[in-house]
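Asks: quick one, structure for this:
(4 chains)
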Number of protein chains: 2
Amino acid sequence: MLKETYIPYLIRLFRQYGYDGATLSKISEATGLGKASLYHHFPGGKDEMVETVLDFLQQWLDQNILVVLASQGDALTRLRRMCDRLSELYEQGNQPCLSAILLMGSARGIFHNRVNALFRVWIDAIANVLIEDGIDEELAKYRGEDAVIAIQGSLILSQGLNDPSPFMRIIQQLPIQLCREKSNSSS
Amino acid sequence: MLKETYIPYLIRLFRQYGYDGATLSKISEATGLGKASLYHHFPGGKDEMVETVLDFLQQWLDQNILVVLASQGDALTRLRRMCDRLSELYEQGNQPCLSAILLMGSARGIFHNRVNALFRVWIDAIANVLIEDGIDEELAKYRGEDAVIAIQGSLILSQGLNDPSPFMRIIQQLPIQLCREKSNSSS
DNA sequence: GTCTATATTAAGATAGAC
DNA sequence: GTCTATCTTAATATAGAC
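Replies: Residues are numbered from 1 along each chain as shown, chains lettered A, B, ... in the order given. Predicted coordinates for the structure are as follows:
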């Protein structure tokens, strides 16, 4: 089997247990592979498994979020498409964000740079849509951050309340929020 | 020494390494206590340490957030006081939220109910301030959620970018955002 | 209340047969 | 490419002296 075969299992395990909690025993059980076989596919051990998952997520970002943000249509339409993809990725608010999980705990030191890069690319892509839509460059950058903040925060709250509805509400409101004319956040 | 003495060390360790990553060896080193002494203070081991920290955080919420939300002054003033306290708690955006950390990884199953309770109390307290201020009850509940979402999301982003400014920007904007008259999030 | 010493279990990782 | 068996290290936890 190609090592790509095991990515869905790895994503599910790291989401559920985190970096430290997803032990090789759990990974072995979930994939049906013995520990030695896991090291055949991932000689670098668990860190290489996470790197492989991050490669996949980077690709997913490119082929889903960045593609729809660069697609035909007005800003509102393109942002709605992004939200549809995000809703799939996070299973309607029932699954946490792997990037956020990798920022928590002892994995942070190892994977921080990669997560940082994912966030920056995502924020810039949203900001560019808004700039094309006529929004001031600085405000667009803040709105890009606001989008990531709303997604991440609502995922945390949905996890905390064990209720996907905060995420779904935010996802539904987000496109119109980002495209609104005036800043309602003047200091 | 009273076991309360060790709470600041525990908070720092769980914030930095998470539940799984904060090993007894690290805790022993940070506190200067041997492992056996740690079990003298916390017979239930690491889980009892986390429970002790959650007791402290629940108290902190009562004596800081709930107190200032029930204090004298208009809604905007009280929400600004809340934000000041939050800014201290999260060290101006440089420290992650322990509740969020406990929702990630294998700790979630153990402490989810307690974190859930913390979130609910906090959201309700914010909503009540807004209801007193004349905001519709349902909208106030959503605004309470929005506050927690903005805080949690901005802490994640500040961690991800290694830059406290997203948190500080959100904290500064939050009171006026919550008190705004019209919902700019109509569907 | 803190220590040393140790028990027990599980984790990450590898050797080598098939 | 997968396995069994094993190694090494580290984690949680306890016994018992001081």
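Asks: what about the nearest residue in space to A:Leu130 that is not next to it in sequence, helix or strand, and which?
Replies: Distances taken as C-beta to C-beta, 6 or more residues apart in numbering or on different chains put A:Ala140 closest to A:Leu130, at 4.0 Å, once the chain neighbours are dropped. (Each C-beta comes from the backbone N, C-alpha and C, glycine too.) Element membership for A:Ala140, per DSSP states H and E: helix A:137-161.
Asks: follow-up on the earlier one: the residue nearest to A:Leu130 and A:Ile131 touch, don't they?
Replies: Yes - here A:Ala140 reaches A:Ile131: they are 4.7 Å apart, a contact under C-beta atoms under 8 Å.
Asks: mind checking which of these two has more residues around it?
Replies: A:Ala140 (22 against 17; other C-beta atoms under 10 Å in any protein chain shown).
Asks: so who does the most centrally placed residue in chain A touch?
Replies: What sits nearest the mean C-alpha location of chain A, by C-alpha atoms, centre = their mean, is A:Cys97, with 5.3 Å. Shown here is A:Cys97, whose contacts under the criterion C-beta atoms under 8 Å, 6 or more residues apart in numbering or on different chains are A:Tyr90, A:Ile151, A:Gln152, A:Leu155.
Asks: let me know the pLDDT of the second one.
Replies: By that I understand A:Ile151. pLDDT recorded at A:Ile151 is 99.
Asks: show me what contacts it?
Replies: A:Leu86, A:Cys97, A:Phe167, A:Ile170, A:Ile171, A:Leu174, B:Gly153.
Asks: return only those of these found close to DNA strand D.
Replies: Among the contacts of A:Ile151, no residue is within reach of DNA strand D (C-beta under 7 Å from any atom of the strand).
Asks: tell me which of those is nearest to DNA strand C?
Replies: A:Cys97 (21.3 Å; C-beta to the nearest atom of the strand).
Asks: helices or strands up against whatever helix or strand A:Glu29 lives in?
Replies: Taking DSSP H and E as the definition, A:Glu29 sits inside helix A:24-31. Contacts defined by 3 or more C-beta pairs under 8 Å, 6 or more residues apart in numbering or on different chains; DSSP states H and E place helix A:24-31 against helix A:7-21, helix A:35-41, helix A:46-60.
Asks: kindly reformat those helices as a markdown table and extend each row with distance to B:Leu38.
Replies: Formatted as a markdown table, the helices and strands packed on helix A:24-31 follow (distance: least, C-beta to C-beta, whole Å):
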| stretch | distance to B:Leu38 |
| --- | --- |
| helix A:7-21 | 19 |
| helix A:35-41 | 31 |
| helix A:46-60 | 27 |
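Asks: for these, give me TSV that also has mean pLDDT, distance to DNA strand D and mean neighbour count.
Replies: As requested, the helices and strands packed on helix A:24-31 are exported to TSV (pLDDT from 0 to 100; distance: least, C-beta to the nearest atom of the strand, whole Å; neighbours: other C-beta atoms under 10 Å in any protein chain shown):
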stretch	mean pLDDT	distance to DNA strand D	mean neighbour count
helix A:7-21	98	9	20
helix A:35-41	98	3	14
helix A:46-60	98	14	17
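Asks: for those helices, which one sits closest to B:Tyr19?
Replies: helix A:7-21 (8.2 Å; C-beta to C-beta).
Asks: quick one: contacts of the closest one?
Replies: A:22-23, A:26-27, A:30-31, A:46, A:49-50, A:52-53, A:56, A:95-96, A:98, A:101-102, A:104-107, A:111, B:18, B:20-21, B:104-106.
Asks: go on, stretch A:171-187?
Replies: So stretch A:171-187 is contacted by A:75-76, A:79-80, A:82-83, A:86-87, A:93, A:126, A:130, A:133, A:139, A:142-143, A:146-147, A:150-151, A:154, B:172-173, B:176-177, B:180, B:184-187 (C-beta under 8 Å, 6+ apart).
Asks: what does chain A put close to DNA strand D?
Replies: A:Met1, A:Gly32, A:Leu33, A:Gly34, A:Lys35, A:Ala36, A:Ser37, A:His40, A:His41.
Asks: how many residues are close by the fourth one?
Replies: If I follow you right, that is A:Gly34. A:Gly34, neighbours per other C-beta under 10 Å, totals 11.
Asks: what residues of whichever helix or strand A:Ile123 is part of count as buried?
Replies: In this assignment (DSSP H and E), A:Ile123 forms part of helix A:108-132. For helix A:108-132, the neighbour count (16 or more other C-beta atoms under 10 Å in any protein chain shown) marks A:108, A:111-112, A:114-116, A:118-119, A:122-123, A:125-131 as buried.
Asks: roughly how far does the residue of chain A positioned farthest from its centre sit from A:Gly45?
Replies: Distance to the chain centre peaks in chain A at A:Ala36, reaching 30.4 Å (criterion: C-alpha atoms, centre = their mean). Distance from A:Ala36 to A:Gly45, counting by C-beta to C-beta, to the nearest Å: 12 Å.
Asks: do the same with A:Ser165
Replies: On the measure of C-beta to C-beta, A:Ser165 and A:Gly45 end up 39 Å apart.
Asks: now do A:Ser87
Replies: 33 Å.
Asks: neighbour-wise, which of these two wins?
Replies: Using other C-beta under 10 Å as the criterion, A:Ser87 and A:Gly45 rank with A:Ser87 on top: 16 against 12.
Asks: once you drop chain neighbours, what's closest to that one?
Replies: Of all residues not flanking A:Ser87 in the chain, A:Ile171 sits nearest, at 5.5 Å (C-beta to C-beta, 6+ apart).
Asks: for the one helix or strand that neighbour maps to, buried residues please.
Replies: If you go by DSSP H and E, A:Ile171 is part of helix A:165-179. Using 16+ other C-beta under 10 Å as the test for burial, helix A:165-179 gives A:Pro166, A:Phe167, A:Met168, A:Arg169, A:Ile170, A:Ile171, A:Gln173, A:Leu174, A:Pro175, A:Gln177, A:Leu178, A:Cys179.
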